[in-house]
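Colleague: Here is a sequence together with a model predicted from it:
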Amino acid sequence: MKTLHSLLVLGLLAPAALQGQDCRHSESLEIAQNVMEASRLKDMERLMSYFADEAVFRQAFNPGGERLHRGKEAIRKAYEQIFANIEELIYVESRYTVSLDGKTVFLEAQGDMVVTATGAEYKNTHVFRVDFGDCSQIESLLQYANPLEILRAFSPPEDP
């Protein structure tokens with residue numbers, strides 16, 4: 001038991017893994033990658049198929065304050081707005097990290113996008129945290145982005 005405790009303290013063994021609730025890293029990674037691909041393609045049905053019915057999508061560090069979308073319908077509406085506001089959701093230099101127990105995937109990516117209404121470039125660094133409840137559907141999606149870059153891209157240009 002002392003060895004088990006040492007592994008936990010060192011972060012080499014996750015508590016969920018002790019309970020037999022770990023997810024396969026490859027499956028979690030594949031789902032996270034599929035979500036990003038469905039977003040890029042603006043494939044709403046495919047995108048929504050990855051979310052649990054009671055999932056939460058949280059957009060932190062938003063210029064107007066944090067946005068919290070609870071349930072599939074609210075998440076769908078949030079993505080409808082995102083799809084309308086951005087011509088293409090292109091993420092470059094994507095780096096994925098899967099947690100030890102496979103229940104969380106982190107993604108850091110540089111956005112290379114264009115605002116639909118103005119044609120302004122939107123190049124922001126995005127960090128996503130994807131949490132899985134039953135290892136097959138997303139329970140929580142958290143998105144961080146630089147609010148100053150959001151304001152720069154989406155604010156009307158100043159008159160000279």
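Modeller: Good, I have the coordinates.
Colleague: in this structure, what spans have low per-residue confidence?
Modeller: Within the chain, the segments meeting pLDDT under 70 span 1-21, 156-160.
Colleague: can you pull out the helices in it?
Modeller: Secondary structure of the chain (DSSP state H): helices at 2-9, 15-18, 25-41, 44-48, 72-85, 147-154.
Colleague: relative to helix 72-85, how tilted is the last one?
Modeller: Using axes from the mean of the first three to the mean of the last three Cα atoms, to 10 degrees, the direction of helix 147-154 lies 60 degrees away from that of helix 72-85.
Colleague: okay, the helices of the chain, which one's buried deepest?
Modeller: Highest mean neighbour count among the helices of the chain (mean count of other Cβ atoms under 10 Å): helix 25-41, with a mean of 17. Heads up, the C-betas are built off the backbone N, CA and C, glycines and all.
Colleague: Turn the helices of the chain into JSON lines, including distance to Val98.
Modeller: What follows is those, written out as JSON lines (distance: least, Cβ to Cβ, whole Å):
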{"stretch": "helix 2-9", "distance to Val98": "18"}
{"stretch": "helix 15-18", "distance to Val98": "13"}
{"stretch": "helix 25-41", "distance to Val98": "5"}
{"stretch": "helix 44-48", "distance to Val98": "20"}
{"stretch": "helix 72-85", "distance to Val98": "22"}
{"stretch": "helix 147-154", "distance to Val98": "27"}
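Colleague: nearest to Glu66, of these?
Modeller: helix 147-154 (10.3 Å; Cβ to Cβ).
Colleague: Can you spell out which helices and strands pack onto the closest one?
Modeller: Contact analysis of helix 147-154 by 3 or more Cβ pairs under 8 Å, 6 or more residues apart in numbering; DSSP states H and E lists strand 121-122 as its packing neighbours.
Colleague: And the contacts of the strand it packs on?
Modeller: Here strand 121-122 makes contact (Cβ atoms under 8 Å, 6 or more residues apart in numbering) with Ile86, Gly111, Met113, Val114, Val115, Glu149, Ile150, Ala153, Phe154.
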